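Undergrad: Sequence isn't available, so here's the structure alone:
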């Protein structure tokens, strides 16, 4: 039998000016095996142990609210006329979960981005009463029917998401990385097909790390340290944070040089192990065994820094920065997800020859992962830059589509000819260069790997730790697919 549990809870906002937006609600529901903590067995009215903790302050007067939990519809918690949305795993009948809830408000992510659509409209009954609260027989009354919120349909492909999560877990284990992140995109539409990062956390228990060692570490922290830890755990690195991309950024330098006629596929370059720029020596990663004479394709496959110093220098700083804006590096992609970060670029007026040279091979510049994959995906879309998106339509409670979010072309960043040449170069890197592990038999897969040292916390130097990444682009018979994997 479905059961309804009514509970009166006290919460303590600091002042009327500060709204209580986060409630930690621990709900322990009894399974048919009972609960030794409550000394109850079976479904004895499904009595629960409920605790409410407000971690903002406890100085203000008590404020009473009524909470109705409909256990026969575990996706919904009704608070007065409001609805709290929670995520529910259906693997067991009733789960014991810890939720962070915002009163009828999406707290983060897509819930926050599309909160207006998801929330619906609360119903109201308005009538006239006397001073004692008794309804007046001659008074008017009005009833406003509540309206359900819409559901969102995401662009995420469940199969691709599953394999992406599985892959990055394997990468983390095999490389002992602190974390691994990945995005998969459809270059033709800008749709995000998968997005994942490790370590994961349980959406139904977001304050408890999945790793037991991390749980112990968290228990020993102060309250302020816990807040910092949680925010870092919940943060979407792929959208919010910038990192130095290293050699994956050489794809953009190559595209600019081809588009501007600075180079072509027949051009050759000679690597002597280093190159002088404004009195400073910049070394190739293989300086002890220089690459010698090589074509443009080979230079990309060899990831030869001196060649990209030459290309960036010949392009010139003004033109190079113009293309950074064209590729969307100087702004935001406009993805429908809150908290999008921005790139960190040296000021054009002060970067100088050395600054331009290092940016040319992907160091001294930091981009967000969503910026990089969006820019490179243009090569798989005939040179057209798309706005990335995570939601494609809204549906009402009957399943009818009420609004569709169409794909959006931002601009043409390079010609179709240049885009095709970049795809050929990336495929060469997989077939003949340093990206061989991205090869998939029977498919035209292109890729470029990259490694860059991480900037220290003070921002004044580099650590021995690195970001190692791979930017890939597969031209399939029906549609291209791009992917970016980053190991921290």
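TA: Happy to help now that I have it. Keep in mind it's a predicted model, so treat the numbers as computed, not measured.
Undergrad: In terms of helices and strands, where is the residue lying closest to residue 163 once chain neighbours are set aside?
TA: In space, and not counting its chain neighbours, residue 163 is closest to residue 194: 7.8 Å by C-beta to C-beta, 6 or more residues apart in numbering. Bear in mind the C-beta positions are built from the backbone N, C-alpha and C, glycine included. Per DSSP states H and E: residue 194 is located in strand 192-197.
Undergrad: Could you look up the next helix or strand downstream of the helix or strand hosting residue 454?
TA: In this assignment (DSSP H and E), residue 454 forms part of strand 444-455. Later in the chain than strand 444-455, the nearest helix or strand by DSSP H and E is strand 462-475.
Undergrad: so where's the stretch 101-250 of the chain uncertain?
TA: The stretch 101-250 of the chain contains residues with pLDDT under 70 at 101-107, 139.
Undergrad: Now do the longest helix seen in the chain and strand 192-197, the angle between them.
TA: Ranked by residue count, the top helix of the chain under DSSP state H comes out as helix 158-175. Helix 158-175 and strand 192-197 meet at an angle of 30 degrees, taking axes from the mean of the first three to the mean of the last three C-alpha atoms, to 10 degrees as the criterion.
Undergrad: Can you list the buried residues in helix 158-175?
TA: Within helix 158-175, the residues scored as buried using 16 or more other C-beta atoms under 10 Å are 160-161, 164-165, 167-168, 171-172.
Undergrad: How far off centre is stretch 157-172?
TA: Distance of stretch 157-172 from its chain centroid, counting by C-alpha atoms, centre = their mean, to the nearest Å, is 15 Å.
Undergrad: which residues make contact with it from outside it?
TA: Outside stretch 157-172, the residues that touch it by C-beta atoms under 8 Å, 6 or more residues apart in numbering are 177, 179-182, 184, 193-200, 485, 487.
Undergrad: Derive a PyMOL selection command for the buried subset of the residues you listed.
TA: The buried subset of the contacts of stretch 157-172, as determined by 16+ other C-beta under 10 Å, is captured in PyMOL by this line:
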select buried, resi 177+180+181+182+184+193+194+195+196+197+198+485+487
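Undergrad: Which single one of the contacts of stretch 157-172 is nearest to residue 363?
TA: residue 487 (17.3 Å; C-beta to C-beta).
Undergrad: just to revisit the earlier point, next, the angle strand 462-475 makes with the longest helix of the chain.
TA: Using the same axes, to 10 degrees: helix 158-175 against strand 462-475 is 150 degrees.
Undergrad: show me where the stretch 101-250 of the chain has helices.
TA: Assignment of helices within the stretch 101-250 of the chain using DSSP state H, counting those that start in this stretch yields the ranges 109-113, 115-119, 158-175, 212-219, 223-234, 237-240, 250-259.
Undergrad: if you compare those helices, which one is most tucked away?
TA: Ranked by mean neighbour count, the helices of the stretch 101-250 of the chain are led by helix 250-259 with a mean of 25 (mean count of other C-beta atoms under 10 Å).
Undergrad: Contacts made by that helix with the rest, please.
TA: Outside helix 250-259, the residues within contact range by C-beta under 8 Å, 6+ apart are 262-264, 296, 300, 303, 308, 311-312, 314-315, 319-320, 323, 327, 329, 360-362, 375-376, 379, 413-415, 418-419, 421-422, 425-426, 448, 450, 471.
Undergrad: Pull out the buried members of those residues.
TA: Buried, going by 16+ other C-beta under 10 Å: 262-263, 296, 300, 303, 308, 311-312, 315, 320, 323, 327, 329, 360-362, 375-376, 379, 413-414, 418-419, 421-422, 425-426, 448, 450, 471, out of the contacts of helix 250-259.
Undergrad: Quick one: list the elements packing against the strand holding residue 194.
TA: Applying 3 or more C-beta pairs under 8 Å, 6 or more residues apart in numbering; DSSP states H and E, one finds that strand 192-197 makes contact with helix 158-175, strand 180-185, helix 237-240.
Undergrad: so what strands line up beside that strand?
TA: Note on strand 192-197: by DSSP bridges, its sheet partners are strand 180-185 (antiparallel).
Undergrad: chain center to the strand it pairs with: distance?
TA: The answer for strand 180-185 is 9 Å, by C-alpha atoms, centre = their mean.
Undergrad: switch to numbering from 6
TA: Will do, 6 is the new start, and the previous item becomes strand 185-190.
Undergrad: who touches that strand?
TA: For strand 185-190, the surrounding residues in contact (C-beta under 8 Å, 6+ apart) are 162, 165, 169, 172-174, 176-177, 196-203, 242-243, 374-375, 378-379, 382, 393, 486-493.
Undergrad: closest one to residue 145 among the helices and strands packed on strand 197-202?
TA: Of all the helices and strands packed on strand 197-202, helix 242-245 sits nearest to residue 145, with 50.2 Å by C-beta to C-beta.
Undergrad: elements contacting the closest one?
TA: Looks like helix 242-245 contacts strand 185-190, strand 197-202, helix 374-382 (3+ C-beta pairs under 8 Å, 6+ apart).
Undergrad: quick one: the first one to helix 374-382, angle?
TA: In terms of direction (the same axes, to 10 degrees), strand 185-190 departs from helix 374-382 by 40 degrees.
Undergrad: Enumerate every residue touching the residue lying closest to residue 438 once chain neighbours are set aside.
TA: Closest residue in space to residue 438, ignoring its immediate chain neighbours: residue 306 at 2.4 Å, by C-beta to C-beta, 6+ apart. Residues counted as contacts of residue 306 (C-beta under 8 Å, 6+ apart) are 433-434, 437-440.
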